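J.: Mind folding the following:
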Amino acid sequence: MGQLISANVVAPSPPFTAAADRVRLLQRLGVLCGIAAGAWLGAAEVPTKLVSAGLSPVLISFVMVLGVFLGRWSLPLAARGTAGILQDLRNAPHLVIWAVLAGCLWSVANTLTIFAIRDLGLSIAFPVWNTNALIGILWGVLFFGELKQAGWLRWAAVGGGALLMFFGGVVLARASASQISTLAATRGIAAALGAGLLWGTMYIPYRKAYLSGMNPLSFVSFFTIGELGMMTLLAVRYLGSLANLRRELAAAQPFLFWLLAAGFVWVIGDIFQQYAVKYVGVSRGIPLSNSNQLWGLLWGAVAFGEFRGWSHSGVVDAVLGCLLMAAGLVGISLASANKSEYAKWREAAQREQRRYRLDAEFVNSGLEGRPVGQDRPRSRRWFDWTLIAIATAIFVWTGINSRWPSIELNWPTVIILAAIGLALFAGAVFSLWKATRFN
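T.: Numbers count the residues shown, from 1 in each chain. Predicted coordinates:
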């Protein structure tokens, strides 16, 4: 592999040499991670139904981000330890600022989704903000060479899928407007579309990181710094002062565990989403993970009974809109990248390497999902176990002091959805470990 040969000159990267079977393996792995991400990202939004209990949407988002913060450090530490994370930092220090920026965008978008769920409900809000896939496709094509030399069939699948997603969103917007007051529908749709725009833009730092060879578990560790910082500023500004935020947290103590757990569940989904983006790109990985719209429909309409009281035409419109968007996602997701398109991705990676003077072996190893020479499994340090223990203790303490929210649930549906999510989790984790050792 190429090495840094002087302070000012970087050796060119070797050509993309991954075997065809390795490319297909990574493609299948990315698809599986995208599907698992959809299930867990969908489940993570369930506790946001607590807005119906009178909690502030910003407070809910803030506590969720605290749970995300705990998850984004404890899970990577358990999988790789601080040594692996610090090694990635030494190899690509410029990605820290990109991770912090992505975290800031995520916090604002997540807060907007809470308002959207309050005004529209889970089953409608999910598909509207999932227009982020369209933004992701645009950035993937413009900046990272995705879909270049992909062939007309793949372009048709992605373009046709995008149109289906658009029309599905229009149908859902009409459904929400017919069942909800005009003011609430307008606010909710605006919030959901704003979240979609920010999340779609957030994928630019994602793709830069993985074309540069960064491990997803390292990227999310730094991602959460911007995430928590931005969310704290939003919460203090919205609630008026830090003292008001503390009072709101004290009043919401019985619900803190559920919101922290929602953040933790979101982290699991987001990590799978990161691996999907790494191995199948933004233009495919994000639509795959946006299958959370179907999980949102099931959780909202079936588990929470959101369709009760709706007219027959309103339910039909909502289901039709979700089916159209799902068909679009399927079309995009099945347009798998060929070797020529992978070569374009490799060119984008070479540009990142030259721009930031990265080690060629680090970049190539990251693209091919294999460890860098010295990046082997290490034993965890006492510091790692201490941080994991602190995160666990926080969840245990809030769990002991929690109470079950007064929300009606269809328990058979809840059990089935949870079981499917756990099965996808187990399959994706095992496949990632076997194929890449979480690289």
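J.: quick one: low-confidence parts of the chain?
T.: Along the chain, segments meeting pLDDT under 70 span 1-19, 48-53, 122-123, 149-150, 169, 172-179, 336-338, 372-379.
J.: change it to 50
T.: For the chain, applying pLDDT under 50 flags the ranges 1-16, 374, 377.
J.: quick one: the strands in it?
T.: Counting by DSSP state E, the chain has no strands at all.
J.: centroid residue for it?
T.: Nearest to the geometric centre of the chain sits residue 270, at 3.4 Å (C-alpha atoms, centre = their mean).
J.: Please verify my assumption that that one contacts residue 41.
T.: Yes - here residue 270 lies in contact with residue 41, judged by C-beta atoms under 8 Å, at a distance of 7.0 Å. Yep, even glycine has a C-beta here, placed from its N, CA and C like the rest.
J.: follow-up on the earlier one: residues contacting the residue nearest to the centre of the chain?
T.: 37, 41, 68, 220 (C-beta atoms under 8 Å, 6 or more residues apart in numbering).
J.: Pick the one among those residues closest to residue 325.
T.: Distance to residue 325 across the contacts of residue 270 (C-beta to C-beta) is lowest for residue 41, with 15.0 Å.
J.: The closest residue to that closest one other than its chain neighbours: neighbouring residues, count only.
T.: Excluding the flanking residues, the one nearest residue 41 by C-beta to C-beta, 6 or more residues apart in numbering is residue 269, at 3.7 Å. Residue 269 is flanked by 25 other residues according to other C-beta atoms under 10 Å.
J.: swap in residue 121?
T.: If you count neighbours by other C-beta under 10 Å, residue 121 ends up with 24.
J.: go on, residue 357?
T.: 12.
J.: mind checking how far it is from residue 95?
T.: Going from residue 357 to residue 95 by C-beta to C-beta, to the nearest Å gives 13 Å.
J.: Likewise for residue 133?
T.: Per C-beta to C-beta, residue 133 is found 24 Å from residue 95.
J.: neighbour-wise, which of the two wins?
T.: Between residue 133 and residue 95, counted using other C-beta under 10 Å, residue 133 has the larger neighbour count: 29 against 26.
J.: if I pick the more buried one, what's in contact with it?
T.: 162, 165, 200, 286, 287, 290, 329, 332.
J.: and what of residue 113?
T.: 45, 48, 125, 129, 191, 192, 195.
J.: how does it look with 7 Å?
T.: Residue 113 is in contact with 125, 129, 192, 195, counting by C-beta atoms under 7 Å, 6 or more residues apart in numbering.
J.: Any idea how many residues pack against the second one?
T.: When neighbours are defined as other C-beta under 10 Å, residue 129 has 30 of them.
J.: That one against residue 194, yeah?
T.: No - counting by C-beta atoms under 7 Å, residue 129 does not reach residue 194; the two are 8.3 Å apart.
J.: how much space between the residue nearest to the centre of the chain and residue 438?
T.: In terms of C-beta to C-beta, residue 270 sits 15 Å off from residue 438.
J.: Could you do residue 350 as well?
T.: Residue 350 is 25 Å from residue 438, by C-beta to C-beta.
J.: ok, now residue 276?
T.: 14 Å.
J.: higher neighbour count, those two?
T.: Per other C-beta under 10 Å, whichever of residue 276 and residue 438 has more neighbours is residue 276, with 31 against 19.
J.: What separation do you get for that one and residue 216?
T.: Distance of residue 276 to residue 216, computed by C-beta to C-beta: 10 Å.
J.: can you check residue 275 too?
T.: Counting by C-beta to C-beta, the gap from residue 275 to residue 216 is 6 Å.
J.: Residue 352 now?
T.: 16 Å.
J.: Give me the more crowded residue out of the two.
T.: residue 216 (28 against 22).
J.: List the residues that contact the more buried one.
T.: Counting by C-beta under 7 Å, 6+ apart, residue 216 makes contact with 271, 274, 275, 278.
J.: I'd say the first one and residue 218 touch.
T.: No - under the contact definition of C-beta under 7 Å, residue 271 does not touch residue 218, with a separation of 11.3 Å.
J.: higher neighbour count, those two?
T.: Neighbours per residue, other C-beta under 10 Å: of residue 271 and residue 218, the larger number sits with residue 271, 27 against 23.
J.: I'd say residue 283 and residue 145 touch.
T.: No - taking contacts as C-beta under 7 Å, residue 283 lies outside contact range of residue 145: 10.4 Å.
J.: Apart from its neighbours in sequence, what residue is nearest residue 344?
T.: In space, residue 344 is closest to residue 145, 3.7 Å off (C-beta to C-beta, 6+ apart).
J.: my guess is residue 203 contacts residue 284, does it?
T.: No - assessed by C-beta under 7 Å, residue 203 is found out of contact with residue 284, at 11.6 Å.
J.: Counting neighbours, go ahead and name the busier of the two.
T.: Counted by other C-beta under 10 Å, residue 203 and residue 284 do not tie: residue 284 has more neighbours, with 32 against 28.
J.: What distance do you get for that one to residue 278?
T.: Distance, residue 284 to residue 278, by C-beta to C-beta: 11 Å.
J.: Distance from the chain centre to the lengthiest helix in the chain, please.
T.: Using DSSP state H, we find that the single longest helix of the chain is helix 182-211. Centre-to-centre, helix 182-211 and its host chain are 12 Å apart (C-alpha atoms, centre = their mean, to the nearest Å).
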